[in-house]
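Peer 1: For reference, the sequence and a predicted model appear below.
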Amino acid sequence: MPELTRADVAHLAGLARIAMTDDELDRMVGELGIILESVAKVQQAPIEGVEPMSHPLPLTNVNRPDAVHPSLSAAAALAGAPEVDQQRFSVPRILDEE
Amino acid sequence: MATTTTTEVTIPFVEALAAYEPVLGLEVHVELNTATKMFCGCATEFGAEPNSQVCPVCLGLPGALPVLNEKGVESAIRIGLALGCEIAPWCRFARKNYFYPDMPKNFQTSQYDEPISHDGHLDVELEDGSTYRVEIERAHMEEDTGKSLHIGGATGRIHGATHSLVDYNRAGIPLIEIVTKPMVGAGERAPEVARAYVAALRDIVKALGVSDARMDQGSMRCDVNVSLMPKGADRFGTRSETKNVNSLRSVERAVRYEIERHAAVLASGGSVVQETRHWHEDTGVTTSGRVKSDADDYRYFPEPDLVPIAPSAELVESLRATLPENPALRRRRLQSSWGYSDLEMRDVVNAGLVETIGETVAAGASPAGARKWWSGEVARRANAAGTDVVPYAASVGVTAAHVAELEGLISSGRLNDRMARDVWDGVLAGEGTPTQVADARGLRLVEDSGAIEGAVEKVIAANPDIATKVRDGKVQAAGALIGQVMKELKGQGDAAAVRALILARLTGAPSAE
């Protein structure tokens, strides 16, 4: 398995919207590298003929009927929002301007 | 990174098509009309108060667990079947991870490599009567996003906005995304094919009753992918993806514009940038949006909170049994049973009158009469009111039964055509049923044969010159006499009967009576 680079960690941090300092990036390259190495051991397991598993329970088709349930009140829904305007969640500028 | 060019070079469509072959790909999102959202029981009503149809699931609050809407799955399967798709016997949802405020979970629950239906096709009829087969790659289930209002920029656009306000009522409403395979070989008809495909798809989901498919309200939305390759080439060029092209006319225009723009780029030796573009309805151009970048690394993985979907063969077959007749085939069947010409049928379809005429004929009117009354004065008034015929008729309370009744008054001999028009005006003005209007306005053909004969005698006596011409064989001169008799009868005569009587008196031809 190719070694984890500092650029990989910076890329992942960017995708996950986690701001990291240079020191943190340096440290994470090492720590994540060790974690990946440990997890990589599963790649040695004999998996021929074993279906990949995404769900541990052998369940399918767990559905509900199309019947309306009461929603939260708008006040309750917005209670946790840092900023509210016109009964809507106010969020910072979406596009980075050049 | 994003470069916005205000005016871009294009070359005329004909020149573009002389050198290049267009390749299209269409992605259409259809919002299902289920009562509740895809993964929670929140209502889906359009136009509700902001953030009044939300709950911990669709707000992405910690610990909330989604449960799949069974009707959403059934609608997805019915759409797949109507498009001739194979239905997956087993499939899963996947998380599409991205950060954007319109998705509070920071991922969209979608399907990735296991769509519920795949590999179908839709035959689209073109204006010239030919058919183009659109191959369907997949139709998968996902959820809609919230709606953002951008504040501080020009006219609500995201560019230049200082902040945005988000309403999550729409977040989580079931969507079916229908993706075509690359559409090749349409040539100069590519814009028409794109439009006809979206129109046919709209007709199908409406016939299935699974969506309102209102492009103007966003319940059906279209992304248009266009690329060009030199004629004779077998490798596709770089594509652009124009987002949110939200009317049939715009689909056609956007495809045409992108063909002209790509051709100009390629003809000048440049290369097309793979990017998202925005369609501008007002100016009829697209502008550059976002260049595809590693921000598009969505890190899909199977959704752990929803178990796999495994529709049984019995379920699929029972849903197949509920499929309506294909709208295009149905139109052809109705056209032949109504005896309409191609042009007449196209007008009826374009006016959205197929169902209405069907109801009117079922109520006892003749197909010709149904078409005449619905597409004449009603259409004119609807047009003046800036709406379509069907909503206009509903707003003034005019029904199929009214048209059938009016026709009955004509065929029973109570009204002539001109009087029927008066009556219809009264019905449209809300004065009541045709019979009520005819009674109230005192409209009734004169049935008193004595009165008709008296009027004929009087007019013949007053016009000896014309009478002589008719006697001498100039039958067409009788028209002037008929007009005067009708005037004597205050318009309430039966023109055919009057004509027969005049001719009988002057030429000895047998009267129709």
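Peer 2: Cool, got the structure. These numbers were taken from a predicted model, which means no experiment stands behind them.
Peer 1: which other residues reach stretch B:475-484?
Peer 2: B:456, B:459-460, B:462-463, B:466-467, B:469-470, B:495, B:498-499, B:502-503, B:506-507 (CB atoms under 8 Å, 6 or more residues apart in numbering or on different chains). No exception for glycine: its C-beta is placed from N, CA and C like everyone else's.
Peer 1: any idea what sits nearest the residue of chain B found nearest chain A, other than its immediate chain neighbours?
Peer 2: Among all residues of chain B, residue B:41 sits closest to chain A, at 3.0 Å; criterion: CB to the nearest CB. Spatially, and ignoring its direct neighbours in sequence, residue B:41 is nearest to residue A:69 (3.0 Å; CB to CB, 6 or more residues apart in numbering or on different chains).
Peer 1: Now do the contacts for that neighbour.
Peer 2: B:36, B:40, B:41, B:42, B:55.
Peer 1: ok, the fourth one touching residue B:55?
Peer 2: Yes. Here residue B:42 reaches residue B:55: they are 5.2 Å apart, a contact under CB atoms under 8 Å.
Peer 1: how about the residues of the stretch 151-300 of chain B near chain A?
Peer 2: Applying CB under 8 Å from any CB of the partner chain, we find that the stretch 151-300 of chain B lies next to chain A at B:151, B:158-168, B:294, B:297, B:299.
Peer 1: Can you tell me which of the contacts of stretch B:475-484 is closest to residue B:260?
Peer 2: Among the contacts of stretch B:475-484, residue B:495 lies closest to residue B:260 (CB to CB), at 56.1 Å.
Peer 1: before we move on, the earlier item: overlap in contacts, residue B:42 and residue B:55.
Peer 2: Shared contacts of residue B:42 and residue B:55, counting by CB under 8 Å, 6+ apart, come down to A:69, A:71.
Peer 1: The two: who's more crowded?
Peer 2: residue B:42 (27 against 21; other CB atoms under 10 Å in any protein chain shown).
Peer 1: Next, work out how far apart the more buried one and residue B:29 are.
Peer 2: 19 Å (CB to CB, to the nearest Å).
Peer 1: now residue A:93
Peer 2: Taken as CB to CB, the span from residue A:93 to residue B:29 is 26 Å.
Peer 1: Same check on residue B:279?
Peer 2: On the measure of CB to CB, residue B:279 and residue B:29 end up 15 Å apart.
Peer 1: Check what pLDDT residue 6 gets.
Peer 2: I'll assume chain A. As predicted, residue A:6 sits at a pLDDT of 92.
Peer 1: that's the wrong chain, I meant chain B
Peer 2: 54.
Peer 1: For the one helix or strand residue B:394 maps to, what is the distance to the chain centroid?
Peer 2: Assigned by DSSP states H and E, residue B:394 belongs to helix B:389-396. The chain centre lies 16 Å from the centre of helix B:389-396; the measure is CA atoms, centre = their mean, to the nearest Å.
Peer 1: tell me the centre residue of chain A?
Peer 2: residue A:16 (6.6 Å; CA atoms, centre = their mean).
Peer 1: quick one on the thing from earlier: contacting residues around the helix holding residue B:394?
Peer 2: Contacts for helix B:389-396 (CB under 8 Å, 6+ apart): B:351-353, B:355-356, B:374-375, B:378-379, B:381-382, B:385, B:387, B:399, B:428-430.
Peer 1: okay, the angle between the helix or strand following it and helix B:389-396?
Peer 2: Once the chain leaves helix B:389-396, the next helix or strand it forms, by DSSP H and E, is helix B:400-411. Per axes from the mean of the first three to the mean of the last three CA atoms, to 10 degrees, the angle that helix B:400-411 makes with helix B:389-396 is 90 degrees.
Peer 1: Which parts of the following helix or strand past helix B:400-411 count as buried, going by neighbours?
Peer 2: Counting by DSSP H and E, the element after helix B:400-411 in chain order, helix or strand, is helix B:417-428. Across helix B:417-428, burial judged by 16 or more other CB atoms under 10 Å in any protein chain shown covers B:419, B:420, B:423, B:424, B:426, B:427, B:428.
Peer 1: In this structure the fifth one contacts residue B:437, no?
Peer 2: Put plainly, it is residue B:426. Yes. Assessed by CB under 8 Å, residue B:426 is found in contact with residue B:437 at 3.5 Å.
Peer 1: May I have the secondary structure class of the residue in chain A positioned nearest to chain B?
Peer 2: Taking CB to the nearest CB as the measure, chain A has residue A:69 as its residue closest to chain B, at 3.0 Å. Taking DSSP: H, G, I helix; E, B strand; the rest coil as the rule, one finds residue A:69 in the coil state.
Peer 1: which parts of chain A sit against chain B?
Peer 2: A:11, A:15, A:17, A:54-55, A:57, A:59-69, A:71-74, A:77-78, A:80, A:85-95, A:97-98.
Peer 1: quick one: which of the residues you listed sit in helices?
Peer 2: Among these, the subset assigned to helices under DSSP state H consists of A:11, A:15, A:74, A:77, A:78.
Peer 1: got a list of contacts for the lengthiest helix in chain A?
Peer 2: Counting residues, the longest helix found in chain A (DSSP H) is helix A:22-39. The contact list for helix A:22-39 (CB under 8 Å, 6+ apart) reads A:1, A:3, A:4, A:5, A:6, A:9, A:10, A:13, A:20.
Peer 1: Would you state the strands of the stretch 101-250 of chain B in chain order?
Peer 2: B:107-110, B:117-125, B:131-143, B:147-151, B:163-167, B:174-180, B:220-230, B:240-243 (DSSP state E, counting those that start in this stretch).
Peer 1: most packed of those?
Peer 2: Per-stretch averages of neighbours, counted by mean count of other CB atoms under 10 Å in any protein chain shown, single out strand B:174-180 among the strands of the stretch 101-250 of chain B, with a mean of 24.
Peer 1: For that strand, list the C-alpha coordinates in PDB.
Peer 2: C-alpha atoms of strand B:174-180 as PDB (Å, rounded to 0.1, in the frame of the first residue of the first chain):
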ATOM      1  CA  PRO B 174     -38.000  12.200  -3.100                       C
ATOM      2  CA  LEU B 175     -36.300  12.700  -6.400                       C
ATOM      3  CA  ILE B 176     -35.800  10.300  -9.300                       C
ATOM      4  CA  GLU B 177     -32.800  11.200 -11.400                       C
ATOM      5  CA  ILE B 178     -33.100   9.800 -15.000                       C
ATOM      6  CA  VAL B 179     -29.900   9.800 -16.900                       C
ATOM      7  CA  THR B 180     -29.600   9.100 -20.600                       C
END
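Peer 1: Roughly how far does residue B:379 sit from residue B:43?
Peer 2: In terms of CB to CB, residue B:379 sits 36 Å off from residue B:43.
Peer 1: ok, now residue B:355?
Peer 2: 27 Å.
Peer 1: The two: which is more packed in?
Peer 2: Legend: neighbour count by other CB under 10 Å for residue B:355 and residue B:43, higher for residue B:43 (17 against 11).
Peer 1: what residues are up against residue B:48?
Peer 2: Residue B:48 touches residue B:169, counting by CB under 8 Å, 6+ apart.
Peer 1: That one belongs to a helix, doesn't it?
Peer 2: No. Read with three-state DSSP, residue B:48 is coil and lies in no helix.
Peer 1: Could you tell me what pLDDT the model assigned to it?
Peer 2: 95.
Peer 1: Residue B:84: how many residues sit nearby?
Peer 2: 14.
Peer 1: Over to the one 10 residues further on?
Peer 2: Other residues near residue B:94 number 24, with proximity taken as other CB under 10 Å.
Peer 1: for residue B:370, same thing?
Peer 2: So residue B:370, with other CB under 10 Å, has 26 neighbours.
Peer 1: cool, the one 3 residues further on as well?
Peer 2: A count of nearby residues for residue B:373, using other CB under 10 Å, gives 25.
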